[in-house]
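Enquirer: here are the coordinates; sequence isn't available:
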C-alpha cells in the first residue's frame, strides 16, 4: 500500500509504503537496493520527477520503528532545505518529526484496518 502526502511548506511528498514484507514494499516502488539487513528504511530523492521522502515499512513493525524511520525522514526533509539541526534550534525538527510520525502512523493504521492485525 502506497500513500503519498504533500509535505507542507517544504514541498515534495512524504511517501509511506507498507506491505506484508519489507521486500514487497521495496518492490512496489521499484526500489532496487539491498535491504536484507533492514527492518525498515527511509530515503529521499526525485522519483517520477517529484521530490519524495520515502518510508518503507512492513506489517510487523511497531510504533518505535515507525518513530525511528519518521525521525530519519524528518532529518532528510531538514537536510534538503539546508537546516542544520542542533540542540538549541531543534524546534523545527520536533514539529517536522511530529508531522511525519503522525502521517506514517495514520498510514500504518489504515493498512492494519484493511489487512488485519496479524
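Expert: Cool, the structure landed. Predicted model, so just to flag it, every value in this text is computed and none were measured.
Enquirer: can you pull the buried residues of the lengthiest helix in the chain?
Expert: The longest helix of the chain (DSSP state H) is helix 91-115. Within helix 91-115, the residues that count as buried by 16 or more other Cβ atoms under 10 Å are 93, 96, 97, 99, 100, 101, 103, 104, 107, 108, 111. The way it works is simple: take the backbone N, C-alpha and C, and place the C-beta from them, glycine included.
Enquirer: dump the residue contacts of the residue nearest the centre of the chain.
Expert: The structure's the chain has its C-alpha centroid closest to residue 55; by Cα atoms, centre = their mean the separation is 2.6 Å. By Cβ atoms under 8 Å, 6 or more residues apart in numbering, the contact set of residue 55 is 14-17, 40-42, 69-70, 72-73, 100, 104.
Enquirer: Please compute how far the longest helix of the chain lies from its chain's middle.
Expert: Distance, stretch centre to chain centre, for helix 91-115: 8 Å (Cα atoms, centre = their mean, to the nearest Å).
Enquirer: ok, now stretch 76-90?
Expert: Using Cα atoms, centre = their mean, the offset of stretch 76-90 from its chain centre is 17 Å.
Enquirer: end to end, how far does it reach?
Expert: Across its full length, stretch 76-90 reaches 14 Å between end residues, using Cα to Cα, to the nearest Å.
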